[in-house]
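>>> The following comprises the amino acid sequence and a computationally predicted model.
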Amino acid sequence: MNIENNFKNRLYGLLAILAVIGGIYCLAFYKSNEQVIKDTMATVLKDADGAKYIFSKPKTDYSGIKEICAKINAKNGFGAYAGYTTYYFKIMPSGLVGYSKMGDTEIGSFSFKCYW
């Protein structure tokens, strides 16, 4: 009986340590919605560091997909700000991002309301 209790205590201790390590690991690699969007747009914009962002409140659907609108003011080829353009983003639980510019008809699934 004493051996069983000792084994259980060690097992619970090991599980607690693994839970703490897993939580720290998740926090270390967690990115905010805003950072995910900025990282995605950094591959598209000419001067990603100079871009200005205004984010809507995120809306999460039943499957965990987050829908966010962002107004982005980026510099054009002449170095001047071109004005804010609204983009629609969907952030999947896996971290993959889909986006569409307001008015684009290529991605028909982006039909949600922005909550500014």
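Great, that's in hand.

>>> Helix, strand, or coil at Gln35?
Here Gln35 is recorded as helix under DSSP: H, G, I helix; E, B strand; the rest coil.

>>> Spell out which residues make up each domain of this protein.
Domain assignment of the chain by automatic domain parsing yields the ranges 1-30, 31-116.

>>> pLDDT of the last one, averaged?
Which is domain 31-116. Averaged across domain 31-116, the pLDDT comes to 83.

>>> which residues sit in contact with Thr85?
By C-beta atoms under 8 Å, 6 or more residues apart in numbering, the contact set of Thr85 is Lys71, Ile72, Asn73, Ala74, Lys101, Met102. All C-beta spots, glycine's among them, are computed from the backbone N, C-alpha and C.

>>> can you rerun that using 6 Å?
Residues near Thr85 by C-beta atoms under 6 Å, 6 or more residues apart in numbering: Ile72.

>>> same deal with Tyr81?
Asn73, Lys75 are the contacts of Tyr81 under C-beta under 6 Å, 6+ apart.

>>> Could you number the chain from 55 rather than 1 from now on?
Renumbered: residue one is now 55, and that last one reads Tyr135.

>>> ok, it to Lys92 distance?
17 Å (C-beta to C-beta, to the nearest Å).

>>> Same question for Gly131.
21 Å.

>>> Would you mind telling me which of these two has the busier surroundings?
Lys92 (19 against 8; other C-beta atoms under 10 Å).

>>> how about the more buried one, phi and psi?
The phi/psi pair for Lys92 (degrees, to the nearest 10) reads phi -60, psi -40.

>>> Setting aside sequence-adjacent positions, which residue approaches it most closely?
Setting aside the residues directly before and after it, Lys92 is nearest to Tyr107 in space (C-beta to C-beta, 6 or more residues apart in numbering), at 6.8 Å.
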